[in-house]
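Asker: Task: produce atomic coordinates for the following.
(one chain, ligands or ions: 1)
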Amino acid sequence: MKNVVILGAGYAGLTTLKGLKKAAKAGEVKVTLVNKNSYHYDTVNLHEVSAGNIASRDICIDIKDLVSPGVEFIQDEVIKIDTEKKLVLTKKHELDYDVLVVGLGFQPETFGIEGMAENAMPIADINAAEKISATLEDNFRKYATSEEKDVKDISVIVGGTGLAGMEFLGELVHRKKELCSKYGIDEKLVKIYGLDAAPTLLPMFTKEYSDYARKFLEDNGIEIILGAGIKGATKDSFTIEVDGERKELFASTLVWTAGVRGNKLMDEAFPELSKRGRLVTTQQLTVPGLDDVYIVGDCAAFIETGQERPYPTTAQIANQMGAYVGARISGKQVGDFKYINRGVVCSLGHKDGIADVMGGKKAKGFAAAKLKKIIEAKAIYELTDFVTALKNQRIL
Ligand code: FAD
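Answerer: Now for the predicted structure:
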């Protein structure tokens with residue numbers, strides 16, 4: 001019986017597991033899933049928790065509910081992968097494997113910007129999201145209860161206006177209203193900045209749609225500054241350079257969404273092949289030269305034959321990679337991995353957004369926000385089952 005070890009219970013790890021469950025039940029494979037937490041969290045909703053609009057429990061699924069016959073779950077942190085000895089070391093265990101699937105996900109990357117890692121909070125996982133939402137509320141409360149009010153306590157800077165940054169800014173529109181009403185603060189005094197070095201906003205959408213998103217945020221009091229080279233951060237400021245001029249912006253809540261990398265363990269396990277925690281896989285998602293080691297999700301840099309650049313890191317590709325690897329290990333004839341891009345949706349809070357989905361279908365406003373929830377429910381179904389998916393999206 002093949003001994004399969006899956007590292008990480010993110011999108012990629014759980015879809016791999018789902019694809020192997022039948023074979024595990026039939027006794028054809030033994031599967032061990034390792035994850036540092038007892039729960040899976042929906043990374044694509046972390047910005048909602050970070051803003052404080054939903055609770056962590058709303059986006060977490062207990063992994064023990066996903067365990068089925070032939071599957072063992074070990075809650076522990078992976079500390080080393082040794083492909084020569086075919087061993088994985090966790091803090092408490094030593095696990096051998098016949099087939100290894102690495103789906104350890106992403107970590108924040110601050111590109112050596114001075115003070116960024118120390119001072120700005122990344123939207124990285126559940127703990128990080130809870131820290132952002134608590135800091136935001138503490139700062140609003142401090143402003144409301146201080147005799148000498150400092151506007152920087154009700155100011156927020158978000159470094160990065162990619163999907164994660166824009167979706168977080170969209171959530172702040174609602175949260176700012178709520179906090180101002182709770183603490184009796186004049187909403188007009190609140191300053192929220194979205195900064196990006198890129199000259200264009202959301203280039204994956206048409207100009208009409210990215211203009212729509214920008215206008216939505218600006219109409220709600222958020223300032224978007226593009227072409228802003230972010231040069232440094234202190235505990236209450238970002239230094240930016242726009243058109244050759246340096247400027248300092250002040251805020252007590254600093255958030256960083258402008259960079260992610262693959263897991264650092266990848267660089268230690270594959271020093272010659274992995275860059276910033278990502279490894280260019282074969283067309284079957286294995287490590288070149290190691291047919292028994294698959295890399296899935298954000299740790300994989302998959303370059304399709306005929307293309308030059310890897311696909312970006314998204315939950316969409318992580319799900320497809322996991323489904324492919326699960327099918328392949330369980331013996332299905334699957335050929336090479338092919339990615340099907342089903343489009344992109346950017347929510348702007350729970351009632352607005354922009355969408356450009358498969359077949360060129362576009363939507364903006366309420367319809368786009370709801371479309372995102374339906375897509376997310378489908379993605380959770382791909383990881384789990386029908387009822388869990390509906391519950392997870394607060395549909396049941
Ligand atoms: P992850 O989801 O990161 O899961 C990795 C798992 O491994 C986690 O459970 C983690 O706890 C575990 N782990 C990590 N290290 C260890 C260790 N040492 N030992 C044990 N366990 C470990 N993508 C989209 O397609 N659409 C979106 O709308 C979208 N929105 C996003 C919004 C935000 C705010 C963010 C941050 C990302 C968004 N993404 C989106 C990107 C998407 O979330 C990632 O690409 C996706 O989560 C990658 O999945 P994964 O399975 O590779 O890793």
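Asker: I'd like the average pLDDT over stretch 301-319.
Answerer: Here stretch 301-319 scores 94 as its mean pLDDT.
Asker: K92 reaches I79, doesn't it?
Answerer: No: contact criterion C-beta atoms under 8 Å: K92 and I79 do not qualify, at 9.9 Å. C-betas here are computed from N, CA, C, even on glycine.
Asker: which residues of the protein score low on pLDDT?
Answerer: 359, 390-396 (pLDDT under 70).
Asker: Which segments of it make up each domain?
Answerer: Domains of the chain are assigned by the TED database as 2-108+260-341, 121-256, 342-395.
Asker: How about the residues of the stretch 51-200 of the chain by the ligand?
Answerer: Residues of the stretch 51-200 of the chain lying close to the ligand (C-beta under 6 Å from any ligand atom) are 77-78, 103-106, 123, 163-164, 167.
Asker: Pick the one among these closest to G331.
Answerer: Nearest to G331 among those: G103, at 20.1 Å, using C-beta to C-beta.
Asker: what about the residue of the stretch 201-350 of the chain found nearest the ligand, neighbour count?
Answerer: Here the stretch 201-350 of the chain gets closest to the ligand at one residue, G297, 2.1 Å apart by C-beta to the nearest ligand atom. Per other C-beta atoms under 10 Å, the neighbour tally for G297 reads 30.
Asker: quick one: the closest residue to it other than its chain neighbours from the ligand, how far?
Answerer: Closest residue to G297 apart from its sequence neighbours, by C-beta to C-beta, 6 or more residues apart in numbering: A12 at 3.0 Å. For A12, the distance to the ligand (C-beta to the nearest ligand atom, to the nearest Å) stands at 4 Å.
Asker: Might one say that A12 is in contact with Q320?
Answerer: No: here A12 does not reach Q320: they are 9.1 Å apart, not a contact under C-beta under 8 Å.
Asker: For these two, indicate the residue with more neighbours.
Answerer: More crowded of A12 and Q320, by other C-beta under 10 Å: A12, with 35 against 24.
Asker: What is the neighbour count of the residue lying closest to A213 once chain neighbours are set aside?
Answerer: Excluding the flanking residues, the one nearest A213 by C-beta to C-beta, 6+ apart is I354, at 5.4 Å. Counted with other C-beta under 10 Å, the neighbours of I354 add up to 28.
Asker: quick one, what contacts I354?
Answerer: Neighbour list for I354: 202, 205, 209-210, 212-213, 345-346, 348, 362-364, 368 [criterion: C-beta atoms under 8 Å, 6 or more residues apart in numbering].
Asker: cool, and A12?
Answerer: Shown in contact with A12 (C-beta under 8 Å, 6+ apart): 103, 105, 296-298, 300, 318-319, 321-322.
Asker: Relative to the helix or strand that the residue nearest to A213 is a member of, what are the paired strands and their orientations?
Answerer: Applying DSSP states H and E as the criterion places I354 in strand 353-357. In the sheet, strand 353-357 lines up against strand 343-347 (antiparallel), strand 361-364 (antiparallel) (DSSP bridges).
Asker: neighbours around whatever residue of the stretch 51-200 of the chain ends up closest to the ligand, how many?
Answerer: Closest to the ligand within the stretch 51-200 of the chain is G105: 2.2 Å, counting by C-beta to the nearest ligand atom. Counted with other C-beta under 10 Å, the neighbours of G105 add up to 25.
Asker: That one against G8, yeah?
Answerer: Yes: between G105 and G8 a contact is recorded at 5.7 Å, counting by C-beta under 8 Å.
Asker: And the ligand, is the strand holding I354 touching that?
Answerer: No: applying C-beta under 6 Å from any ligand atom, one finds strand 353-357 separated from the ligand by no less than 10.1 Å.
Asker: Kindly report the same for stretch 258-271.
Answerer: Yes: residues of stretch 258-271 are located near the ligand by C-beta under 6 Å from any ligand atom, namely 263, 265.
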